[in-house]
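# Would you be able to build a 3D model of this:
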Amino acid sequence: MSVFIGVAAVLLVLAGLFLAFLKADAESIARSLRLAGPALLAIVGVGLIALGRAGLGGMLLSGAAGWYTLGRARAPVSKSPGQRSTVRTAALEMELDHDTGALEGMVLAGTYEQKMLSALSLRQLFEVYRELSSDSESRQLLETYLDSRFPIWRDDLKPNGRDRHGVPPGSGPMTKEEAYKVLGLETGATTADIRKAHRRLMQRLHPDLGGTSFLAARINEAKDVLLSDHG
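From the prediction side, this is the model:
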């Protein structure tokens, strides 16, 4: 009778696992497989102990515990939400995703005020660009976005390139609040956090690595502003 109950229990567990397998997505299946093996081995071990085979049953239970521990150690660690850096000028606000390097921005003034850059066509972005003719800082920030989304946009704008401004930003010293946003840090970050964020961003945006000189300059400025109090 005990053997029958043990076999029935194992069959019920297997049936339940099969039904769960049919309904689960890939990630859930992988997680279930890491648990199913140890669980089944443990059930068999308990059944053997109930049948008086304590030695073999104990070995199976120990094996199940080791299998489960190994599966947890090898399980992929979920990543925490990526950090974002924010750069703001008079007419634009841009966000950079640290993990992917993706840029997204919003127009703060002009014809397309409150519009996301990703929602604008290249023609509309050119209109924004021309509206920023007297705002060199905002223009350079928009150039950074255009470089990432339309690498050859300058050829379409004006073949001779004379419409492009190369004037460095001149809106005054960066505040500490702005610096924290540029590096994607919380207020009060440590020196180590500041240097780590700076290094990670420069690896993505340094001009020598295909990035842009405008954002690289802002990142360096943010680091200098924040480290001035950590000297």
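# which stretches of the protein form strands?
Assigned by DSSP state E, the chain shows strands spanning 84-88, 92-97, 103-107.
# Enumerate every residue touching residue 215.
Residue 215 makes contacts with 87, 96, 144, 205, as judged by CB atoms under 8 Å, 6 or more residues apart in numbering. No exception for glycine: its C-beta is placed from N, CA and C like everyone else's.
# at 6 Å what do you get?
Residues in contact with residue 215, defined by CB atoms under 6 Å, 6 or more residues apart in numbering, are 144, 205.
# How confident was the prediction at it?
For residue 215, the model assigns a pLDDT of 80.
# what's the answer for residue 108, then?
On the pLDDT scale, residue 108 gets 93.
# and it, what is it in contact with?
91, 93.
# before we move on, back to that, quick one: which of the strands of the chain is nearest residue 151?
strand 103-107 (13.0 Å; CB to CB).
# how far off strand 92-97 does the closest one point, in degrees?
For strand 103-107 against strand 92-97, the angle by axes from the mean of the first three to the mean of the last three CA atoms, to 10 degrees is 160 degrees.
# Give the buried residues for strand 103-107.
103, 105-107 (16 or more other CB atoms under 10 Å).
# Of those, just say which sits nearest to residue 174.
Out of the buried residues of strand 103-107, the member with the shortest distance to residue 174 (by CB to CB) is residue 105, at 18.4 Å.
# Residue 190 versus the closest one, what's the distance?
Distance, residue 105 to residue 190, by CB to CB, to the nearest Å: 29 Å.
# Repeat that for residue 52.
For residue 52, the distance to residue 190 - CB to CB - is 61 Å.
# just to revisit the earlier point, save the strands of the chain as a markdown table, and put in distance to residue 117 too.
What follows is the strands of the chain, written out as a markdown table (distance: least, CB to CB, whole Å):
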| stretch | distance to residue 117 |
| --- | --- |
| strand 84-88 | 13 |
| strand 92-97 | 8 |
| strand 103-107 | 4 |
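# just to revisit the earlier point, okay, the buried residues of strand 103-107 in a markdown table with distance to residue 199 next?
As requested, the buried residues of strand 103-107 are arranged in a markdown table below (distance: CB to CB, whole Å):
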| residue | distance to residue 199 |
| --- | --- |
| 103 | 19 |
| 105 | 24 |
| 106 | 28 |
| 107 | 31 |
